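Chemist: My questions concern the predicted model and sequence given below.
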Amino acid sequence: MSDIQYGRDDVDYQTWYSDWMKSLAKRKTRRQLETMLHGKSKEAEKSANSHLRAIERSTSMSGNSMSRAHARNVTAAAGDAAIAIRGALEIYDLFPEHTKETESDE
């Protein structure tokens, strides 16, 4: 099977996906990834709401800055994790030969 996708020869498994995405696809089952994605999506939503509340509580540029920064960082981390998990799920769809479930079947 060719690793070429999307009709472009510069987009393939090796170059298109981050090491994090590849690692997740190799170490986790599809079901585990779906569960993780649900959790990270909820975490991102909760921390984004917390960030917005911290901004609303601010009366100046420096007010609640630590609270805002923490909430922003948690939101960014959860969002980054969700992107990596979605990429790993895409690997399951497009390149199943590079996944945990395929390797355990061999």
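Modeler: Received the coordinates, thanks. Numbers count the residues shown, from 1 in each chain.
Chemist: List the residues that contact Ala48.
Modeler: By CB atoms under 8 Å, 6 or more residues apart in numbering, the contact set of Ala48 is 71, 75. In short, each C-beta sits where N, CA and C put it, glycine included.
Chemist: how near is Ala76 to Met36?
Modeler: Ala76 sits 17 Å away from Met36, taking CB to CB, to the nearest Å as the criterion.
Chemist: average model confidence for stretch 17-29?
Modeler: What stretch 17-29 shows for mean pLDDT is 96.
Chemist: Identify each buried residue in it, please.
Modeler: 17, 21-22, 24-25, 28 (16 or more other CB atoms under 10 Å).
Chemist: again with stretch 45-63
Modeler: Quick answer for stretch 45-63 (16+ other CB under 10 Å): 47-48, 50-51, 54.
Chemist: any idea which of those residues is the one closest to Ser65?
Modeler: Ala54 (8.8 Å; CB to CB).
Chemist: The closest one touches Ser67, doesn't it?
Modeler: Yes. With contact defined as CB atoms under 8 Å, Ala54 counts as touching Ser67 (4.2 Å).
Chemist: Where does pLDDT dip in the protein?
Modeler: Segments of the chain classed as low confidence (criterion: pLDDT under 70) are 1-11, 59-64, 103-106.
Chemist: again, only using 90
Modeler: Applying pLDDT under 90 to the chain flags residues 1-16, 41, 43-72, 74-75, 93-95, 101-106.
Chemist: Would you mind pulling up the elements that the longest helix seen in the chain packs against?
Modeler: Counting by DSSP state H, the longest helix found in the chain is helix 65-94. Here helix 65-94 touches helix 19-27, helix 30-57, going by 3 or more CB pairs under 8 Å, 6 or more residues apart in numbering; DSSP states H and E.
Chemist: if we can go back for a sec, pick out the most distant pair among the buried residues of stretch 17-29.
Modeler: Across the buried residues of stretch 17-29 (CB to CB), the longest gap, 14.1 Å, separates Tyr17 and Lys28.
Chemist: Format the helices and strands packed on helix 65-94 as a markdown table; extra columns: distance to Thr102.
Modeler: What follows is those, written out as a markdown table (distance: least, CB to CB, whole Å):
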| stretch | distance to Thr102 |
| --- | --- |
| helix 19-27 | 10 |
| helix 30-57 | 11 |
